[in-house]
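Colleague: Quick one: sequence plus predicted model below, questions after.
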Amino acid sequence: MLTEPITESWQEMGCGFVNAPIHSRDARSCRVIRDLTLLFEISRTLEESLDLHRVIRRALKRMVASMGLLRGTVVVANGHKEELVESEAGEHATIPDEEAPAAPNLLKWVMETGKPLTVANIALDENFHDSRLFPDQSDPKAVIAFLCVPIRSGRRTLGTLSVKRQTRAGISLDREVRMLMIIASVLAQAVSLRQLAE
């Protein structure tokens, strides 16, 4: 039986740290709590206004902070015409990155195929030769990865959600891709509803 009320927030329990190690049951629990909290916050943010630019910008800000990203970008397209681009830089980005969507060829591939794409190390990819982001020099295994997933509604691809994040060489990015796919599905609902209202 509980004799004292639980007053600790998930940050106070140590769950607020980005990239918490998966060495213990507590760490896995913290990661689940963090992810569920982020999804709740994004869903709530997207309901705050009919202004798609505003709500996506705020949702990106929450996502970048929670996931410890260097940059997150949403592109919503209408046919071959680009409609909306929102980009948010994270506080961990020590060197400002470009605000325009990165690697347009890769974004186009994701739009056309409706499939997620991962670049484990942008330094080794010719699509990022102009990037001004560099990994932490104090960690010889640090690299910057690029992940992009489609924003889909049914069989239609409405746009893309892409991120840049620092990670370590050899680390699997599957969990991050799955999380981005879930976030993209929430974004797709918001985009579809606003398109129907127009």
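Modeller: Yes, it's here. Numbering: from 1, shown residues only.
Colleague: Okay, helices next: where are they in this protein?
Modeller: Counting by DSSP state H, one finds helices in the chain at the ranges 25-46, 52-67, 104-113, 174-197.
Colleague: State the mean pLDDT of the shortest one.
Modeller: Per-region confidence: helix 104-113 scores 93 on mean pLDDT.
Colleague: Buried residues in that helix, which are they?
Modeller: 106-107, 110-111 (16 or more other Cβ atoms under 10 Å). The C-beta positions use only the backbone N, C-alpha and C, and glycine is treated the same way.
Colleague: Mind putting those into TSV with distance to Gly68?
Modeller: Below are the buried residues of helix 104-113 laid out as TSV (distance: Cβ to Cβ, whole Å):
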residue	distance to Gly68
Leu106	22
Leu107	22
Val110	22
Met111	26
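Colleague: Closest to Thr73 out of those?
Modeller: Taking Cβ to Cβ as the measure, Thr73 lies nearest Leu107 of the buried residues of helix 104-113, at 8.7 Å.
Colleague: ok, and the closest non-adjacent residue to the closest one?
Modeller: Thr160 (5.2 Å; Cβ to Cβ, 6 or more residues apart in numbering).
Colleague: Specify the beta-bridge partners of that neighbour.
Modeller: Here Thr160 sits in beta bridges with Val75, Pro150, going by DSSP bridges.
Colleague: Just the pLDDT at it, thanks.
Modeller: Looking at Thr160, the pLDDT reads 95.
Colleague: ok, it touching Val75?
Modeller: Yes. The pair Thr160 and Val75 qualifies as a contact (Cβ atoms under 8 Å) at a distance of 5.0 Å.
Colleague: Which one of those two is surrounded by more residues?
Modeller: Between Thr160 and Val75, counted using other Cβ atoms under 10 Å, Thr160 has the larger neighbour count: 26 against 22.
Colleague: Looking at the buried residues of helix 104-113, which is nearest Val119?
Modeller: Leu106 (7.3 Å).
Colleague: ok, back up a step: deepest-packed of the helices of the chain, please.
Modeller: helix 52-67 (a mean of 20; mean count of other Cβ atoms under 10 Å).
Colleague: what about dumping the CA coordinates of stretch 38-56 to CSV?
Modeller: Output of stretch 38-56 as CSV, limited to C-alpha atoms (Å, rounded to 0.1, in the frame of the first residue of the first chain):
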residue,chain,number,x,y,z
LEU,A,38,5.8,13.4,-26.6
LEU,A,39,3.0,11.8,-28.6
PHE,A,40,0.4,13.2,-26.2
GLU,A,41,1.9,16.7,-26.4
ILE,A,42,2.1,16.7,-30.2
SER,A,43,-1.5,15.5,-30.5
ARG,A,44,-2.6,18.2,-28.1
THR,A,45,-0.5,20.9,-29.9
LEU,A,46,-2.0,20.0,-33.3
GLU,A,47,-5.5,20.6,-32.0
GLU,A,48,-4.7,24.1,-30.7
SER,A,49,-5.3,26.0,-34.0
LEU,A,50,-6.4,25.6,-37.6
ASP,A,51,-3.2,27.4,-38.6
LEU,A,52,-1.1,24.5,-39.9
HIS,A,53,2.1,26.5,-40.0
ARG,A,54,1.7,27.4,-36.3
VAL,A,55,0.8,24.0,-35.0
ILE,A,56,3.4,22.1,-37.0
